[in-house]
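Here is the input, now give the coordinates:
(one chain, ligands or ions: 2)
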Amino acid sequence: MDPLVLGIESTCDETGVALVRGWTLLGEAIASSMEQHARFGGILPEVASRAHLEEMIPAVETALTSAGSALSDLDAIAVASGPGLVGSLAVGVAAAKALSIALDRPLYGVNHVIGHVAVDALVHGPFPEKFVALVVSGGHSSLLLINDIADNVVELGQTLDDAAGEAFDKVGRLLGLPYPGGPHVDRLAREGNPESIAFPRGLTAPKDRTRHPYDFSFSGLKTAVARWIESCEDEGREVPRADVAASFAAAVADVLVTKTLRACHEHGVDTLVIGGGFSANSQLREMAAQRCADEGIDVRIPPIRYCTDNGAMIAALGSAAARKGLPPSELGIGVDSAMPLTVVVG
Ligand code: KG4
Ligand code: ZN
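Ligands and ions are numbered 1, 2, ... in the order given. The predicted structure is shown next:
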């Protein structure tokens, strides 16, 4: 029988714990400290770490209960050891080490970003031999070629500045929307005309296409939105907020989908997995669904609650690593706030 793996996620503001066997999710628990951060307009790392401390043991207990399992049933412990906020990561890694030592079970410190991809197998079944993954959230925008989710991930590109969700949050602020602005901009954009303003598509000029074929850049777009709003105000015109949101959202989705589809074609793959909290974005979902259908690419996106940070993604990746027979992490493993994407298990 496949090993029963407990996964712990604490890279940012969610404390997630889940149990996975093979590609089957058996139980889970999640707590979020977002409400404590919202009024500050950003995550407060110290507040997030303290919330993880308070939530960790109850989350482990709830996940075990929901799976109908006891601690002694576990075969391995997985934890997101990076990338993320140092203090938050430290809480999860310490909890995982304590369980590993107390139960005498192997410990796998795994990559959070690759976990965003792994979770899709719990929903849509085993992965094909080779596929492309786009991981987009408030902290990451990465394009990956996955030959084997457990030990062969190639980073094709990433954002050179803001992540997609971060750009949405900043534009949300420019439009006077509450934090985190992403979902609000998405909603407003649905009421506007996406073709009304020609906002720039970052890193798509011919010279950038050779130097940065799969990298993203959203800070120029964000600045263009800021300038556009300022010029309206200078001229005493009312800002057409829905049109600004729609044109901005279309620019982000266009660049993400165009570069991702090019990666699929150039690497001869016909499956695309999209993960990360930003895959909740409706403009991205619609554009990806339509263009992938046109171009014969099978697109897999987990349900939204498995796109945002959660424990199942870490248990899923730990399960892949354990089944592949990878050597566990050393017990002295530290947290790696900038864990490279080529490292699946640290
Ligand atoms: O994965 P996630 O929960 O946390 C990070 O690891 O960052 O992603 C949250 C990010 C935030 O920036 C949020 O504003 C953005 O994803 N987001 C959205 C939408 N839902 C969440 N951005 C645009 N449209 C959405 N529907
Ligand atoms: Zn994440």
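
how about the residues of the stretch 151-300 of the chain that lie near ligand 1?
Counting by CB under 6 Å from any ligand atom, the stretch 151-300 of the chain comes close to ligand 1 at 165-166, 168-169, 180-183, 186, 276-278, 280-281. C-beta: built from backbone N, CA, C; applies to glycine.

List the residues that contact the residue in the stretch 101-250 of the chain that ligand 2 sits nearest to.
Among all residues of the stretch 101-250 of the chain, residue 137 sits closest to ligand 2, at 4.5 Å; criterion: CB to the ion. By CB atoms under 8 Å, 6 or more residues apart in numbering, residue 137 lies in contact with 116, 163-165, 276-278, 308-309.

Remind me what the helix or strand residue 273 falls within packs against, helices and strands.
Residue 273 belongs to strand 271-275 when assigned by DSSP states H and E. For strand 271-275, the contact count by 3 or more CB pairs under 8 Å, 6 or more residues apart in numbering; DSSP states H and E identifies helix 112-118, strand 131-136, helix 241-266, helix 282-294, strand 298-300 as packing neighbours.

And the residue nearest to residue 286 when sequence neighbours are not counted, how far from residue 274?
Of all residues not flanking residue 286 in the chain, residue 253 sits nearest, at 7.7 Å (CB to CB, 6 or more residues apart in numbering). Distance from residue 253 to residue 274, counting by CB to CB, to the nearest Å: 11 Å.

In terms of neighbours, single out the busier of those two.
The residue with more neighbours, out of residue 253 and residue 274, is residue 274; 27 against 22, by other CB atoms under 10 Å.

now, the most widely separated pair of the residues of the stretch 151-300 of the chain next to ligand 1?
Across these, the longest distance by CB to CB is 16.5 Å; it joins 181 and 276.

Centre-most residue in this structure?
When CA atoms, centre = their mean is applied to the chain, the residue found nearest the centroid is residue 276 (2.5 Å).

Phi, psi for that residue please.
Dihedral pair for residue 276: phi 90, psi 150, per degrees, to the nearest 10.

right, and residue 42 touches residue 179 too?
Yes: Residue 42 is in contact with residue 179 according to CB atoms under 8 Å; the separation is 7.0 Å.

So what would you say the end-to-end distance of stretch 297-311 is?
End-to-end distance for stretch 297-311, by CA to CA, to the nearest Å: 29 Å.

Then stretch 96-111?
Span of stretch 96-111 from end to end, CA to CA: 14 Å.

hmm, it touching ligand 2?
No: applying CB under 5 Å from the ion, one finds stretch 96-111 separated from ligand 2 by no less than 10.7 Å.

If you count neighbours, what's buried in that stretch?
Applying a neighbour-count criterion of 16 or more other CB atoms under 10 Å, one finds 96-97, 99-100, 103, 105-111 buried in stretch 96-111.

Kindly report the same for stretch 128-139.
131-139.

Also stretch 257-267?
Buried residues in stretch 257-267, defined by neighbour count with 16+ other CB under 10 Å: 257, 259-264.

Give the residues shared as contacts by residue 253 and residue 274.
Common neighbours of residue 253 and residue 274 are listed as 284, 288 (criterion: CB under 8 Å, 6+ apart).

on contacts alone, who are the packing partners of the lowest-mean-pLDDT helix or strand in the chain?
Least confident helix or strand of the chain, by mean pLDDT, DSSP states H and E, is helix 34-38 with a mean of 88. In terms of contacts (3+ CB pairs under 8 Å, 6+ apart), helix 34-38 is packed against helix 45-67.
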